[in-house]
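Got a predicted model here, sequence first, then my questions.
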Amino acid sequence: MHSSMSAAGAEIETKVPARLDRLPWARWHWIVIIGLGTVWILDGLEVTIIGSIGDRLTESGSGIALDASQIGSAAACYVAGACVGALFFGQLTDRFGRKKLFLVTLGLYIVATVATGLAWTAWYFFACRFLTGMGIGGEYAAINSAIDELIPARLRGRVNLMINGSYWVGASVGALLTVPLLDTSIFAMDFGWRLAFLIGAVLGVGILIVRSSVPESPRWLFIHGRDDEAEEIVGEIEGEVRTETGEELEEVPDDAKLTIHQRATIPFREIASVAIHKYPKRTVLGLSLFVGQAFLYNAVTFDLGTILGEFFNVGSGQVPLYIAVFGISNFIGPLTLGRLFDTVGRKIMISLCYLTSAALTAVLGIVLLSTTPSTLAFMAFVLTIFFFASSGASAAYLTVSEIFPMESRALSIAFFYAVGTGLGGIVGPLLFGELINTGELEKVALGFLIGAVVMAVGGIAEILFGVDAEGKTLESIAKPLSAAKRRVQSGSDVESGQEPPAAIV
């Protein structure tokens, strides 16, 4: 690599992105997945546990006196914390680096979830849930950006979907764990639920140990004036891959070079203008995908147990088993469909998943308007709907991570997550909660029909504004804001970050 100087302000040429994208799959990539991706298991664990232990916390002798409304408030505090954490840590991730922030956010999660297990009163419990949510929300921004920048382009789709889908592994484990933890013949009433949070913290510490060996994103380094470090990290990775495979890596051609004007910081106003002025269609796409999946997911996830108990006579002791099966279906979707997002393509698969889940949700709503199906039939509908919806929801994170410039990648993820969760993720559960409280299944059917419409809007937005990002380098999908001006044959300058005329925006 040629470097005119090793400091912010230099103009450099680098092959780092191309070198990372041409690597064969190796043990090093599994370390990235385990160290970074497994945190979604913790998120699923957290959300499911608090839902499963809610009844215990309202009982006398639990060690903390909460009522039913305060359980809902605790969930709201967690979601609010996740939104705040995503925005707060998202901008710090883009400014100070992926590694610093994915260590800080996981550390915050560990401390806050241990503190939750020690809670004795409502206000303290709420504060701990907010801080736990902040840690997880910050993880979404730091982790998705780091993973996409470290995984080869040809595999980025399936890996991202598998990682985001692993949330549901945690959800299933959390649901099954609460069965013995809440059994008073095994654990005391005021101890079992506390142990659930401590288990999450122990898993977090294990992930933190593995994560410490994951390097900073070389892509972030070379833009921020630390190109020597970027070169060193990529060289070490290539050495590991050569040793493991016993083969020489193919040479990266000169036309794969990227010219970058290094900057220590990128002004927030410049980042904001990218979404508003340069990529308005991509912004509409991101919002549509996130609001759609957040509405349907949060509504059904938070209220599935209540629906089963209220309208299908499922006992509270059996609800965790249904939740576990629901989680398994959600994980199988991205696991089996993920590779198609890299082969068939992003636009076809994302729109297909959104529109298929929307159509099935609409059919379920129509069925519920006319009759009360059997529990088996209702669950068959739900499992099939979320088999497809899960892949679509995971692809929403992949999409906003890919289609905006690297300097704003973490903040873009944070923004769309916060807005999508704030709009769809809060309105959905509130609406379904009110409809369930009417005691009329026909009213709940209306909630499913509304969810179908919102998901359909996401699918249509993907058809209209989706980007064919499969197999492409991140820098070709959205040119870095720091990309230096280059001369074209006409003699005019092409501004940094400007899309080529043929690109889909």
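Now that the structure is in, tell me what you want to look at. Predicted model, so just to flag it, every value in this text is computed and none were measured.

In the protein, what residue spans correspond to strands?
Along the chain, counting by DSSP state E, strands occupy 2-3, 11-14, 258-261, 486-487, 493-494.

Would you single out the least confident of the ones you listed?
Mean pLDDT is lowest for strand 493-494 out of the strands of the chain, coming in at a mean of 37.

Arg22 - how many residues pack around it?
Look at Arg22: counted by other Cβ atoms under 10 Å, it has 17 neighbours. Backbone N, C-alpha and C define where each C-beta goes, glycine included.

next one: the one 3 residues further on
A total of 14 residues lie near Trp25 under the criterion other Cβ under 10 Å.

For burial, what's the neighbour tally of the nearest residue to Met379 once chain neighbours are set aside?
Distances taken as Cβ to Cβ, 6 or more residues apart in numbering place Tyr322 nearest to Met379, at 6.7 Å, with adjacent residues excluded. If you count neighbours by other Cβ under 10 Å, Tyr322 ends up with 20.

so where's the stretch 151-300 of the chain uncertain?
Residues of the stretch 151-300 of the chain meeting the criterion pLDDT under 70: 263-268, 271.

ok, which stretches of it are helices?
Counting by DSSP state H, counting those that start in this stretch, the stretch 151-300 of the chain has helices at residues 156-165, 167-181, 192-211, 218-223, 227-245, 268-273, 280-312.

quick one: which of those helices is nearest Tyr124?
helix 192-211 (13.0 Å; Cβ to Cβ).

What is that closest one packed up against?
When contacts are defined as 3 or more Cβ pairs under 8 Å, 6 or more residues apart in numbering; DSSP states H and E, helix 192-211 packs onto helix 39-52, helix 54-57, helix 98-117, helix 167-181.

Please identify the most buried of those.
Stretch with highest mean neighbour count among those: helix 39-52 (a mean of 25; mean count of other Cβ atoms under 10 Å).

Could you name the helices and strands sitting against that one?
Helix 39-52 packs on helix 68-96, helix 98-117, helix 122-150, helix 156-165, helix 167-181, helix 192-211, helix 280-312, helix 319-337, going by 3+ Cβ pairs under 8 Å, 6+ apart.

Which one, of those, ends up nearest to Leu352?
helix 319-337 (9.1 Å).

Give me the buried positions along the closest one.
Neighbour counts over helix 319-337 (16 or more other Cβ atoms under 10 Å) mark 319-320, 322-324, 326-335, 337 as buried.

tell me how far it is from the chain's mean position?
17 Å (Cα atoms, centre = their mean, to the nearest Å).

helices or strands next to that helix in the packing?
Judged by 3+ Cβ pairs under 8 Å, 6+ apart, the packing partners of helix 319-337 are helix 39-52, helix 156-165, helix 167-181, helix 280-312, helix 346-370, helix 375-402.

what would those helices look like in TSV with distance to Gly117?
Output for the helices and strands packed on helix 319-337, formatted as TSV (distance: least, Cβ to Cβ, whole Å):
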stretch	distance to Gly117
helix 39-52	10
helix 156-165	26
helix 167-181	11
helix 280-312	22
helix 346-370	36
helix 375-402	29
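
Out of those, which gets nearest to Gly225?
Here helix 375-402 is closest among the helices and strands packed on helix 319-337 (Cβ to Cβ), at 23.3 Å.

Give the rounded mean pLDDT of that closest one.
Mean predicted confidence for helix 375-402 is 94.

what angle sits between that helix and helix 280-312?
Counting by axes from the mean of the first three to the mean of the last three Cα atoms, to 10 degrees, helix 375-402 lies at 160 degrees to helix 280-312.

mind checking pLDDT for the closest residue to Ile163 other than its chain neighbours?
Counting by Cβ to Cβ, 6+ apart, Ile163 lies nearest to Gly37, which is 3.6 Å off, once chain neighbours are set aside. As predicted, Gly37 sits at a pLDDT of 80.

List the residues that contact Gly37.
Shown in contact with Gly37 (Cβ atoms under 8 Å, 6 or more residues apart in numbering): Ile143, Ile147, Met162, Ile163, Ser166.

State the distance from it to Val173.
15 Å (Cβ to Cβ, to the nearest Å).

Cys77: what's it in contact with?
Residues counted as contacts of Cys77 (Cβ under 8 Å, 6+ apart) are Phe126, Ala127, Arg129, Phe130, Gly133.

Ok, Arg98 next?
Contacts of Arg98 by Cβ under 8 Å, 6+ apart are Ala142, Ser145, Ala146, Glu149, Glu216, Ser217, Trp220, Ala410.

Also Val454?
Val454 sits next to Val291, Gly292, Phe295, Leu296, Gly424 when contact means Cβ under 8 Å, 6+ apart.

cool, and Ala112?
Cys128, Leu131, Thr132, Met134, Gly135 are the contacts of Ala112 under Cβ under 8 Å, 6+ apart.

For it, give me the pLDDT.
For Ala112, pLDDT reads 94.

Number the chain from 31, please
OK, 31 is where the count begins now, so the last one is Ala142.

And it, how far from Leu317?
29 Å.

for Leu233, same thing?
Taken as Cβ to Cβ, the span from Leu233 to Leu317 is 33 Å.

got it, and Lys311?
Separation of Lys311 from Leu317 (Cβ to Cβ) stands at 11 Å.

Neighbour count: these two, which is higher?
Neighbour totals were compared for Lys311 and Leu317, and Leu317 leads with 21 against 15 (other Cβ under 10 Å).

Was I right to think the more buried one contacts Thr451?
No - the criterion here is Cβ atoms under 8 Å, and Leu317 misses it with Thr451 at 11.7 Å.

quick revisit: pLDDT score for the residue nearest to Met409?
So, for Tyr352, pLDDT stands at 88.

closest one to Ser506 among the helices and strands packed on helix 349-367?
For the helices and strands packed on helix 349-367, proximity to Ser506 was assessed by Cβ to Cβ; helix 405-432 is nearest, at 10.4 Å.

what comes up buried for that closest one?
For helix 405-432, the neighbour count (16+ other Cβ under 10 Å) marks 408-409, 411-432 as buried.

centre of the chain versus that helix, how much separation?
13 Å.

Stretch 384-398 too?
24 Å.

buried sites along it?
For stretch 384-398, a neighbour-count test (16+ other Cβ under 10 Å) marks 384-395, 397-398 as buried.

circling back: out of the helices and strands packed on helix 349-367, which is closest to Thr123?
So among the helices and strands packed on helix 349-367, helix 405-432 is nearest, using Cβ to Cβ, at 11.8 Å.

ok so, going back, got the contacts of Arg128 as JSON lines, with distance to Asp285 columns?
Shown next, in JSON lines, are these (distance: Cβ to Cβ, whole Å):
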{"residue": "Ala172", "distance to Asp285": "32"}
{"residue": "Ser175", "distance to Asp285": "26"}
{"residue": "Ala176", "distance to Asp285": "27"}
{"residue": "Glu179", "distance to Asp285": "21"}
{"residue": "Glu246", "distance to Asp285": "27"}
{"residue": "Ser247", "distance to Asp285": "23"}
{"residue": "Trp250", "distance to Asp285": "24"}
{"residue": "Ala440", "distance to Asp285": "29"}
